[in-house]
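Colleague: structure, please.
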Amino acid sequence: MTSTQAEIDQSYSVSNDFFELWLDENMHYTCAVYDLDDPDQTLEQAQENKARFLYELAEMDETKTILDIGCGWGSMIDVATRMGVKRADGITLSTEQVEWCHKRNIDNARFMLKDFYEYEPEEKYDGLVSICMIDHLCSPKQAREKQAVKIYREYFNRAAEWVEPGGAFAFQAILTDKLPRKRGDLEDLAFTADVIFPGGRNPRLEELIMALRPKWEVEQLWMRRMHYRRTTNEWWTRLKANEALIRSKWGDQVYDDYDRYLGTCVKAFDNYWSGLVQMKLRRTTD
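Modeller: Below is the predicted model:
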């Protein structure tokens, strides 16, 4: 895995209290799914929509087991267990996140501090979900060395070992699209990669499509660029509303870094530098 545990902790362990100030109430740190025709829909409602949508893509019900690869603060698993699963497991490399997950005391759920490449499940799952975890697998340097497809294929092949043929995989990823032309914009994107998410890089859609074969077939695909634009803008609005508290409790640098990062995200989605894909994948027959 390209992003080390130390790098993951840098990305997600500023403080759980810090992220609580600007994420939704259930601590989803990924793209929500909005009704874009409803300007009054809340971030909380849209994040619940996202989780329920992925639950359906993974074909979950009260008889099924599911693994959330890169489970964050347990937000997806919280929704899945409320909707009904036999058991939901989550793995993450963030020490702060796994502690938060354990404190949630979610029924029929288990959370583990595990590296994806070292995890060995006790038995195969009925389905999988992974929400933007793949962005931590390939560094910009590795991509420049043309290793991206190989790294992503290793990820998809390993995940395929954990479900039977025919199993469903609800998959979501932030995408790299075109690059900006202005030096300042390039520097903002590099800052986001180097400071906020060190060791990570957003894949290109064509890299994912090449990498998921031969173990997975794409059954359905959705592009959610404007949904992520609205999500990050709401995060940014909430962050700015708590500027004084953040500066006093965590310091000017933390506030300035996250202000720059979230502003860059909004600009990136506005200008097609970034995108968001959700896919329903089906495990093929070997």
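Colleague: where do the helices sit along the stretch 101-250 of the chain?
Modeller: Secondary structure of the stretch 101-250 of the chain by DSSP state H, counting those that start in this stretch: the helices cover 140-144, 148-160, 183-191, 205-212, 225-241, 243-250.
Colleague: my guess is residue 222 contacts residue 205. True?
Modeller: No - contact between residue 222 and residue 205 fails when scored by Cβ atoms under 8 Å: they sit 11.8 Å apart. (Each C-beta comes from the backbone N, C-alpha and C, glycine too.)
Colleague: dump the helices of the stretch 101-250 of the chain into TSV; add mean neighbour count, mean pLDDT and distance to residue 67 as well.
Modeller: Formatted as TSV, the helices of the stretch 101-250 of the chain follow (neighbours: other Cβ atoms under 10 Å; pLDDT from 0 to 100; distance: least, Cβ to Cβ, whole Å):
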stretch	mean neighbour count	mean pLDDT	distance to residue 67
helix 140-144	14	89	25
helix 148-160	19	97	9
helix 183-191	13	91	31
helix 205-212	18	97	17
helix 225-241	19	98	24
helix 243-250	14	96	33
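Colleague: would you list these in CSV and tack on distance to residue 37?
Modeller: As requested, the helices of the stretch 101-250 of the chain are exported to CSV (distance: least, Cβ to Cβ, whole Å):
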stretch, distance to residue 37
helix 140-144, 37
helix 148-160, 34
helix 183-191, 30
helix 205-212, 25
helix 225-241, 11
helix 243-250, 31
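Colleague: which one of the ones you listed lies nearest to residue 81?
Modeller: Taking Cβ to Cβ, helix 148-160 is the member of the helices of the stretch 101-250 of the chain nearest to residue 81, at 21.1 Å.
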